[in-house]
Each structure stands twice: as structure tokens, then as C-alpha cells.
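Enquirer: Kindly return the folded structure for what I paste below:
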Amino acid sequence: MTAEAQPNRRWLMIGAMAAVGAVVGFFLARTTIGLVENATLAWADVVALFLAVTLTAQGVFVLLLSLNRRAAGAVFGGPGAKPASDGQISFYRQQGGVVLLAGVMLAAPVALTLFGGSAPSREMAMGVMAGIVVAFVLQTILNVIVWRRADEFMRRLIAETSSVCFWVLQAALFLWAAGERLALLPAIDAWSAVAIMMSVYLCASAFISTRNGVGA
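Expert: Next up is the predicted model:
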């Protein structure tokens, strides 16, 4: 294959995957909207559900892509990249697992509300919580593995994202807490704070990655 044809093949592959993702996302969005309309969800639940669907789709995409060495090399390696090696495939799968587990953990509490009724039993709630704890432990282990295997460039991106999120969220938390204490702003619960935190983190991650040329 010529050097000129490789970028074209890469973009065709990305376009085909995007088309499949759009079709799946369309039907998934219709299903989600129908579920939301039939249940009373707080704004934080809607945000968490949206983030969960986004993260789950990204995780599944990476895991499916890792099944094909050529596709993984073309998409993650850029034009002219060789098929992904065994080590790279393993790394991509670990990254996909981290993202997928994040989506599952965000979706689980909202899913219990949607499918378990307005007042799910304590047994159901404890079962879901136990699953979240197991997923959290597994994701933590995968996160440590990904960090140890990452190169200096990726570690710098992660550190920059964490730093930006810390200062932004710290400032927002202080200002909101001060307004709440002065009875100028409404109280915010922990679940709403998690939805805000994850939104800020994903936006910061996307901005910093794009600024550093990742995914360009």
C-alpha cells in the first residue's frame, strides 16, 4: 500500500466506524429519552446518564478496535503507522476497560431508578452498590497499570488534566459553598457534585488532549 493510500484508508475506516456509532447512538438515544420521559430524574441523573452513555460507547469502541491490529494501529498510530503490537493491544484494552467501567459505574445508580421503580428495595440498592464497589476496585487497578505503562507524554497529559480540574473545581466548590452559607445559592448534593466533577474532567481532558495534538 502506498504512503498516499494509507491516510485515505485510515479516514475511510474512521468514517465507517463513525457511521456505525451514529446509528447505534441514534437508537440508544431514542431508548434513553423514552426511559427518561417515563421516570422522574433530577438534572444530575440526566447529566450522569449522558456521560455514562458517552463513556460506555468510547470504551466499547476502543475494545472493539483492539480486536484488529491494523485498525488499532491506523487509528491510534496515525498515517503510516504499523499494525499494533501485542503490548499496544493490551494497553488499548486496559484503557478501554477503564473508560467502560467509568460509564457503567455512572449509569448504575440511575439505571436502578429507571428500572427499579421510584422506591427500589434496600436489597436491590445494596446489590447495585456492591457491584459499583467491585467495579471501582477493578478500575483503580487498571488505572494504576495504565499509568505505569504510559509514556512521559501521556503522563504529562494526565497530570495537566488533573491539575486543571483541581483548581477549577476547588474554586467552584469554595464560591458555591460561600454562596450556600450566605443563603444566596441552593444546597447541592453529593451526586450532583459528582456529575459536575465528571463533566469538568471530561471537558478538560478533551481540551488538553486536542491542544497537545492528540486525536488530531
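
Enquirer: care to break the chain down by domain?
Expert: Segmentation of the chain into domains, based on automatic domain parsing, reads 1-149, 152-216.

Enquirer: right, so the ones you listed: which one is the most enclosed?
Expert: Mean neighbour count (mean count of other C-beta atoms under 10 Å) peaks for domain 1-149 among these, with a mean of 15. To be clear about C-beta, it is placed using only N, CA and C from the backbone, and glycine gets the same treatment.

Enquirer: Compare the domains of the chain and say which comes out lowest on pLDDT.
Expert: Note on those: lowest mean pLDDT is at domain 1-149, with a mean of 79.

Enquirer: starting at the chain centroid, how far to the helix or strand Ala178 falls within?
Expert: Using DSSP states H and E, Ala178 sits within helix 152-181. Distance of helix 152-181 from its chain centroid, counting by C-alpha atoms, centre = their mean, to the nearest Å, is 18 Å.

Enquirer: same for it, what does it pack against?
Expert: Under the contact definition 3 or more C-beta pairs under 8 Å, 6 or more residues apart in numbering; DSSP states H and E, helix 152-181 sits against helix 190-211.

Enquirer: SS state for Lys82?
Expert: With DSSP: H, G, I helix; E, B strand; the rest coil as the basis, Lys82 sits in coil.

Enquirer: Also Tyr92?
Expert: Criterion first, three-state DSSP; result for Tyr92: helix.

Enquirer: what's the answer for Leu185, then?
Expert: coil.

Enquirer: Which residue is the nearest non-sequential neighbour of the most centrally placed residue in the chain?
Expert: Most central in the chain under C-alpha atoms, centre = their mean is Leu55, positioned 3.0 Å from the mean C-alpha point. Leaving aside its chain neighbours, Leu55 sits nearest to Gly103 (3.3 Å; criterion: C-beta to C-beta, 6 or more residues apart in numbering).

Enquirer: so that neighbour sits right up against Leu49, yeah?
Expert: No. With contact defined as C-beta atoms under 8 Å, Gly103 does not count as touching Leu49 (10.0 Å).

Enquirer: Pull the contacting residues for Ala204.
Expert: Taking C-beta atoms under 8 Å, 6 or more residues apart in numbering, we find Ala204 in contact with Thr161, Val164, Cys165, Val168.

Enquirer: do the same with Val194
Expert: By C-beta under 8 Å, 6+ apart, the contact set of Val194 is Ala44, Ala48.

Enquirer: And Arg149, by the same measure?
Expert: Phe91, Gln94.

Enquirer: Mind doing that once more with 6 Å?
Expert: Counting by C-beta atoms under 6 Å, 6 or more residues apart in numbering, Arg149 touches Phe91.

Enquirer: Over to Leu67?
Expert: Per C-beta under 6 Å, 6+ apart, neighbours of Leu67: none.

Enquirer: which of the contacts of Ala204 sit farthest apart?
Expert: Thr161 and Val168 (10.7 Å; C-beta to C-beta).

Enquirer: mind checking how far Leu106 is from Ala193?
Expert: According to C-beta to C-beta, to the nearest Å, Leu106 stands 13 Å off from Ala193.

Enquirer: Specify the angle between the helix or strand where the residue nearest to the centre of the chain lies and helix 190-211 in degrees.
Expert: In this assignment (DSSP H and E), Leu55 forms part of helix 43-65. Helix 43-65 and helix 190-211 are oriented at 40 degrees to each other (axes from the mean of the first three to the mean of the last three C-alpha atoms, to 10 degrees).
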